[in-house]
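>>> Sharing a model prediction with you, sequence too.
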Amino acid sequence: MSRKQLIYKWLWPFEKLVILAVAISAVLIFVFSFHVCDGSSMYPTISDGDMCLFYRLDTPARGDIVSYKTPSGIKIGRAVGIAGDRVSIDHEKLYVNGYEQESFYTVPGNVAEHTVKSGEIFVVNDYRTDTSDSRKYGDISLKNVEGVYFASLRTGGVS
């Protein structure tokens, strides 16, 4: 066996591992995104400190949990209104297309009924008293949506 063949024989498994690592990295970077939930904005669905996995190749539907970019960083919320939906908040109740939405919490503040524009979504936190969502930022452009919630790793209480 020549020296070249001997080197290839020993390097071949490492070459395959490098190719596998590059493929896995590409999937994790371009197909999924990871975010740690900071605060209680999505309580009780997602707790503070949970690591969440988001699927980047999906368009959010009504009711999906999404991660999205804001001027103050990445946020996590629930898409309650999609393009064409009429969304309003009145007397601490959320209405979508004229129907009251069930909620664990009241929704502080009022939002006059408006129609969500094409290419945008209306996002509200599950813990409704945290107003860092569409009540603060307005409709969220689909270009700013990082991904749709896929799964989470509970880390609450783990040190």
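Yep, that arrived.

>>> Which stretches in this protein count as strands?
32-36, 51-55, 65-70, 73-81, 86-90, 93-96, 99-100, 111-115, 120-124, 140-141, 145-153 (DSSP state E).

>>> chain center to the longest helix seen in the chain, what's the gap?
Counting residues, the longest helix in the chain under DSSP state H turns out to be helix 3-30. Centroid separation for helix 3-30 versus its chain: 32 Å, with CA atoms, centre = their mean, to the nearest Å.

>>> Go through that helix and flag the buried ones.
By 16 or more other CB atoms under 10 Å, helix 3-30 has no buried positions at all. Where C-beta positions appear, they are placed from N, C-alpha and C, glycine not excepted.

>>> tell me the average confidence for it?
Average pLDDT, helix 3-30: 82.

>>> can you state the direction angle for it and strand 51-55?
90 degrees (axes from the mean of the first three to the mean of the last three CA atoms, to 10 degrees).

>>> Look up how far Phe34 lies from Phe122.
Here Phe122 is placed at a distance of 25 Å from Phe34 (CB to CB, to the nearest Å).

>>> out of the two, which sits in the busier spot?
Shown here are Phe122 and Phe34; by other CB atoms under 10 Å, Phe122 has more neighbours (29 against 14).

>>> can you count the residues close to Asp64?
Count around Asp64 with other CB under 10 Å applied: 20.

>>> residue contacts, it?
Applying CB atoms under 8 Å, 6 or more residues apart in numbering to Asp64 gives the contacts 58, 78-79, 148-149.

>>> Distance from stretch 27-37 to the middle of the chain?
Put simply, stretch 27-37 sits 10 Å off its chain's centre (CA atoms, centre = their mean).

>>> which residues touch the closest residue to Ala151 other than its chain neighbours?
Ranked by CB to CB, 6 or more residues apart in numbering and with sequence neighbours excluded, the top spatial neighbour of Ala151 is Leu53, at 4.9 Å. Residues near Leu53 by CB under 8 Å, 6+ apart: 32-34, 149-153.

>>> What separation do you get for the residue nearest to Phe122 when sequence neighbours are not counted and Trp12?
Closest residue to Phe122 apart from its sequence neighbours, by CB to CB, 6+ apart: Gly81 at 3.4 Å. With distances taken as CB to CB, Gly81 is found 54 Å from Trp12.
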